[in-house]
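**Q** Predicted structure and sequence below. I'll ask about it afterward.
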Amino acid sequence: MNTPKYIKIKEVDNVATTVISIDKGTEIVDGILANSPIPQGHKIALTDIPKDGEIIRYGVVLGYALNNISKGDWINETMLVLPTPPDIHNMKYGVNVKHKLPISPVTTFEGYRNPKGGYGGTRNILAISTTVQCVTGVLNVAVEKIKRELLPHYKNVDDVVAINHAYGCGVAINAPDAVIPIRALKNLIDNPNFGGEVMVIALGCEKLTVDKLLNEVDITPENIIVLQEQEGFEAMIAAIVSMADHKLRRLNDRRRETLPLSELCIGMQCGGSDSFSGVTSNPSAGYASDMLVQAGATVMFSEVTEVRDGVHILAERCLDEKTMKKLENEMKWYDNYLEMGNVDRSANPTPGNKKGGLSNIVEKAMGSIAKSGTSPIVEVLSPGEKPSKKGLIYAATPASDIVCGPMQLASGITLQVFMTGRGTPYGLAAAPVVKVSSRTDLKDMWKDLIDVNAGVIATGESSIEEVGTELFHFIVDVASGRKQTWAERYKLYNDLCIFNPAPIT
Ligand code: CA
């Protein structure tokens with residue numbers, strides 16, 4: 001089979017991207033020869049583009065030419081001027097609401113029923129929460145002991161996870177934006193993978209007191225250990241191990257049951273993206289997402305700076321005015337947040353993104369929003385909020401992988417799908433992470449880190465629908481405990497970096 005040399009997305013595009021690295025003089029399209037070597041995934045001009053002329057990919061203006069560009073030239077990030085972002089005022093809503101979605105081949109998964117109601121779990125984990133970073137050292141020692149001495153006796157429990165974080169004290173706890181980290185840590189305790197068990201380690205003098213973290217009914221000696229009330233280190237460890245033993249016994253009684261897919265809540269994000277992400281991995285994830293939504297499941301996508309330039313397109317898919325307005329407000333809040341730091345959305349992308357052919361944030365955003373598929377957007381969440389609806393949800397979080405992960409966990413995801421082009425071994429201890437590569441080269445190099453390869457779409461060996469369906473089945477298999485992801489197998493777990501936009505004191 002002849003591998004195509006280039007990918008042109010929309011008819012109006014005046015650039016294409018290379019499927020593989022090409023030499024100077026290579027004829028990429030009839031009559032168009034590369035004027036220089038062009039790296040894999042980078043843009044080649046299909047027409048002459050005058051200075052200030054539009055550079056178009058995905059049918060949208062990525063930017064304006066800084067200087068004259070000739071047909072066949074390599075276009076990289078140094079050659080474009082960023083356009084102004086889309087106006088978020090007066091966005092249209094409900095004008096592009098598709099209800100015809102790909103039919104889901106299955107309608108159930110094998111999950112853990114949630115004793116508190118709501119979404120079911122994909123794993124059965126004892127989570128030990130903390131009010132403050134000060135307790136982390138002691139808790140980590142105790143968790144090692146619990147894993148070594150107790151966990152082997154509780155065959156139905158998957159893991160013991162410490163919810164360590166940098167928040168809790170030395171912070172302006174009454175600052176308006178402190179609601180974000182506090183809400184996230186509070187909601188994280190209710191993640192369905194934690195089986196409704198509450199166990200909190202506090203210090204005793206911190207600002208994030210247990211009453212800020214827990215509902216009144218959960219504030220009992222059975223759920224909370226205060227280190228300043230313990231007679232030294234040995235007593236602390238003994239208290240934590242003893243409470244964990246009690247919780248593990250209850251969790252061990254849980255069994256997987258056949259649950260409707262409407263009880264599954266997953267998240268999507270990408271990291272280390274490249275120019276293939278928007279044409280291979282992210283649209284495949286979007287297709288899988290549409291199938292899940294069709295079956296009644298909930299799918300969250302996030303990453304504010306990576307949707308900002310496509311927000312008008314998302315607004316058109318919002319079901320009602322309230323949802324669109326909340327989308328507008330989240331964008332406004334983030335624009336302001338960036339402005340306070342004297343930057344704007346151009347602070348994203350990364351050097352690796354650029355090396356992978358992404359010239360600027362407009363190009364990255366157009367690829368990023370593809371992961372949301374075509375489903376209507378039924379709800380928009382502020383960072384760390386819990387959903388009240390099922391279906392496709394925009395959960396506003398930073399795009400940073402290690403912040404988006406825990407913030408989506410706080411919103412209740414029990415599995416995350418992670419698309420990557422450059423490659424990252426990212427993972428979460430609290431929920432399995434399915435990694436999807438945008439390029440076959442990455443899958444070949446990282447055979448034992450990438451779960452699903454979407455690079456075969458770029459080479460013409462497979463279609464978005466085929467990879468999307470494969471990914472759908474893999475998601476359901478992992479959610480049901482029939483399969484493990486590579487990150488899970490090797491226990492590649494990133495720290496939980498809770499989003500704290502409020503001042504530290
Ligand atoms: Ca990300």
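**A** Noted; the coordinates are in hand. Just so it is clear, the model here is predicted, and its values are computed rather than measured.

**Q** Show me which residues of the stretch 251-400 of the chain sit near the ion.
**A** The stretch 251-400 of the chain has residues 269, 271, 399 near the ion, with proximity defined as CB under 5 Å from the ion. Heads up, the C-betas are built off the backbone N, CA and C, glycines and all.

**Q** Once you drop chain neighbours, what's closest to the second one?
**A** By the measure of CB to CB, 6 or more residues apart in numbering, the closest residue to residue 271 outside its immediate chain neighbours is residue 401, 3.9 Å from it.

**Q** for the first one, same thing?
**A** Excluding its sequence neighbours, the residue lying closest to residue 269 (CB to CB, 6+ apart) is residue 404, at 4.8 Å.

**Q** The residue nearest to residue 271 and the ion, how far apart?
**A** Between residue 401 and the ion the computed distance is 4 Å (CB to the ion, to the nearest Å).

**Q** Kindly report the same for residue 66.
**A** Using CB to the ion, residue 66 is found at 28 Å from the ion.

**Q** Enumerate every residue touching that residue.
**A** Residue 66 makes contact with 51, 78, 79, 80, 81, according to CB atoms under 8 Å, 6 or more residues apart in numbering.

**Q** buried subset of these?
**A** 79, 80 (16 or more other CB atoms under 10 Å).

**Q** Could you dump the contacts of residue 66 into CSV with secondary structure, pLDDT and distance to the ion added?
**A** Shown next, in CSV, are the contacts of residue 66 (DSSP: H, G, I helix; E, B strand; the rest coil; pLDDT from 0 to 100; distance: CB to the ion, whole Å):
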residue, secondary structure, pLDDT, distance to the ion
51, coil, 97, 34
78, helix, 94, 24
79, helix, 95, 26
80, strand, 94, 22
81, strand, 94, 25
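
**Q** residue ranges with poor pLDDT in the stretch 51-200 of the chain?
**A** Within the stretch 51-200 of the chain, the set of residues satisfying pLDDT under 70 is empty.

**Q** Next secondary structure after the helix or strand bottoming out on mean pLDDT in the chain?
**A** Of all helical and strand segments in the chain, the minimum by mean pLDDT, DSSP states H and E falls on strand 27-29, at a mean of 88. Per DSSP states H and E, the first helix or strand lying C-terminal to strand 27-29 is strand 32-33.

**Q** following that following strand, which helix or strand comes up?
**A** strand 43-45.

**Q** what residues does that following strand touch?
**A** 6, 14-18, 28, 32, 34, 38, 55, 57, 69-76, 275, 357, 359.

**Q** Check stretch 82-89 too.
**A** For stretch 82-89, contacts defined as CB under 8 Å, 6+ apart pick out 61-64, 308-312, 328, 331-332, 335, 345-346, 360-362.

**Q** Please tell me how far that stretch is from the chain's geometric centre.
**A** Computed by CA atoms, centre = their mean, to the nearest Å, the separation of stretch 82-89 from the middle of its chain amounts to 24 Å.

**Q** what does stretch 254-269 give?
**A** Worked out by CA atoms, centre = their mean, stretch 254-269 lies 17 Å from the chain centre.

**Q** quick revisit: the residue nearest to residue 271 contacts residue 425, correct?
**A** No: Residue 401 is beyond contact range of residue 425, at 10.8 Å (criterion: CB atoms under 8 Å).

**Q** higher neighbour count, these two?
**A** Taking other CB atoms under 10 Å, residue 401 and residue 425 do not tie; residue 401 has more neighbours (20 against 15).

**Q** Ramachandran angles for the more buried one?
**A** Here is the backbone geometry of residue 401 (degrees, to the nearest 10): phi -50, psi -50.

**Q** what's the neighbour count on the residue of the stretch 151-300 of the chain found nearest the ion?
**A** Using CB to the ion, the single residue of the stretch 151-300 of the chain nearest to the ion is residue 271, 4.1 Å away. Neighbourhood size, residue 271 [other CB under 10 Å]: 24.

**Q** cool, and residue 459?
**A** For residue 459, the count of nearby residues is 16 (other CB under 10 Å).

**Q** OK, contacts around it?
**A** By CB under 8 Å, 6+ apart, the contact set of residue 459 is 3, 4, 19, 440.

**Q** So it, which state does it fall into?
**A** coil (DSSP: H, G, I helix; E, B strand; the rest coil).

**Q** tell me the pLDDT at it?
**A** We have a pLDDT of 92 for residue 459.

**Q** What of residue 346?
**A** pLDDT recorded at residue 346 is 88.

**Q** Tell me the residue in the protein that is farthest from the middle.
**A** Here the chain reaches farthest from its C-alpha mean at residue 231, the gap being 42.0 Å by CA atoms, centre = their mean.

**Q** Against residue 238, how distant is that one?
**A** 10 Å (CB to CB, to the nearest Å).

**Q** what's the neighbour count on the residue nearest to residue 269?
**A** For residue 404, using other CB under 10 Å, the count is 29.

**Q** Could you pull up the residues touching it?
**A** By CB under 8 Å, 6+ apart, the residues touching residue 404 are 267, 269, 302, 303, 397, 398.

**Q** same deal with residue 48?
**A** By CB under 8 Å, 6+ apart, the contact set of residue 48 is 68, 69, 70, 71.

**Q** List phi and psi for residue 236.
**A** With angles defined as degrees, to the nearest 10, residue 236 sits at phi -60, psi -50.

**Q** Show the model's pLDDT score for the residue nearest to it when sequence neighbours are not counted.
**A** Closest residue to residue 236 apart from its sequence neighbours, by CB to CB, 6+ apart: residue 230 at 4.5 Å. pLDDT for residue 230: 98.

**Q** Quick check: residue 230 touching residue 239?
**A** Yes: if you go by CB under 8 Å, residue 230 and residue 239 touch, sitting 5.9 Å apart.

**Q** Overlap in contacts, these two.
**A** Residues touching both residue 230 and residue 239 (CB under 8 Å, 6+ apart): none.

**Q** Give me the nearest residue to residue 110, chain neighbours excluded.
**A** The shortest distance from residue 110 to any non-neighbouring residue, by CB to CB, 6+ apart, is to residue 480 (3.8 Å).

**Q** The residue nearest to residue 271: what's it in contact with?
**A** By CB under 8 Å, 6+ apart, the residues touching residue 401 are 269, 271, 418, 424, 426, 494.

**Q** Spatially, which two of these are the most separated?
**A** Across the contacts of residue 401, the longest distance by CB to CB is 12.2 Å; it joins 269 and 494.

**Q** Would you mind confirming that residue 495 makes contact with residue 402?
**A** Yes: contact between residue 495 and residue 402 holds when scored by CB under 8 Å: they sit 6.6 Å apart.
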